[in-house]
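# Have a look at this prediction, sequence included:
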Amino acid sequence: MKKMIKIALAALVMLTMSATTLSADPAKGQKLYLKKLKGACGMNGAKMAAKHSQMEWEAVKGDLAKEIKNICPKAKDSALKDKYLQHYFDFFYEYANDSGNVPSC
């Protein structure tokens with residue numbers, strides 16, 4: 001019985017840690033924006049995120065790369081890879097014009 005409980009707890013810990021690692025992060029999105037998009041967009045992250053409200057960012061989430069291209073036509077396709085989009089979204093959503101949050105970039 002003790003062995004089964006230990007296995008279950010170990011599995012639970014591993015599952016929680018992997019879910020946390022796989023989730024996107026506004027801070028990572030901010031770093032990516034500064035590194036990959038700030039120069040092409042010509043604006044800081046606060047201005048970029050404030051282009052839309054949280055609901056508007058949710059509405060364009062499926063076409064986020066297209067929306068970023070509309071706002072920043074100079075953005076390179078390499079900066080809009082699928083692996084970056086979730087982080088960008090979390091950053092933009094967290095600091096949208098109706099969120100009350102202001103990023104430090």
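Structure received.

# Hmm, residue 53 and residue 98 touching each other?
Yes: counting by Cβ atoms under 8 Å, residue 98 touches residue 53, with 4.3 Å between them. C-beta coordinates here come from the backbone N, C-alpha and C atoms, glycine included.

# any low-confidence regions in this protein?
8, 15-23, 105 (pLDDT under 70).

# how does it look with 50?
19-21 (pLDDT under 50).

# hey, where'd the helices end up in this structure?
Along the chain, counting by DSSP state H, helices occupy 2-22, 26-32, 38-41, 45-49, 54-59, 64-71, 82-94.

# Give the buried residues for the fifth one.
By neighbour count with 16 or more other Cβ atoms under 10 Å, helix 54-59 contains the buried residues 54, 56, 57.

# Give me the contacts around that helix.
The contact list for helix 54-59 (Cβ atoms under 8 Å, 6 or more residues apart in numbering) reads 89, 92, 93, 96, 98, 99.

# Top of those by number of neighbours, please.
residue 92 (29 neighbours; other Cβ atoms under 10 Å).

# residue contacts, it?
29, 48, 49, 51, 52, 57.

# tell me which of these is nearest to residue 82?
Residue 82 has its nearest neighbour among the contacts of residue 92 in residue 29, at 13.8 Å by Cβ to Cβ.

# Please look at that closest one and residue 89 and confirm they touch.
Yes: in this structure residue 29 lies within contact range of residue 89 using Cβ under 8 Å: 7.2 Å.

# What sits closest to the residue nearest the centre of the chain if chain neighbours are left out?
Nearest to the geometric centre of the chain sits residue 87, at 2.0 Å (Cα atoms, centre = their mean). Nearest non-adjacent residue to residue 87, counting by Cβ to Cβ, 6 or more residues apart in numbering: residue 29, 3.8 Å away.

# For residue 86, see how far away the one you found is.
Residue 29 sits 8 Å away from residue 86, going by Cβ to Cβ, to the nearest Å.

# do the same with residue 43
Residue 43 is 21 Å from residue 86, where distance means Cβ to Cβ.

# cool, residue 10 as well?
28 Å.

# out of those two, which sits in the busier spot?
Neighbour tally, residue 10 and residue 86, criterion other Cβ under 10 Å: the higher count belongs to residue 86, 17 against 10.
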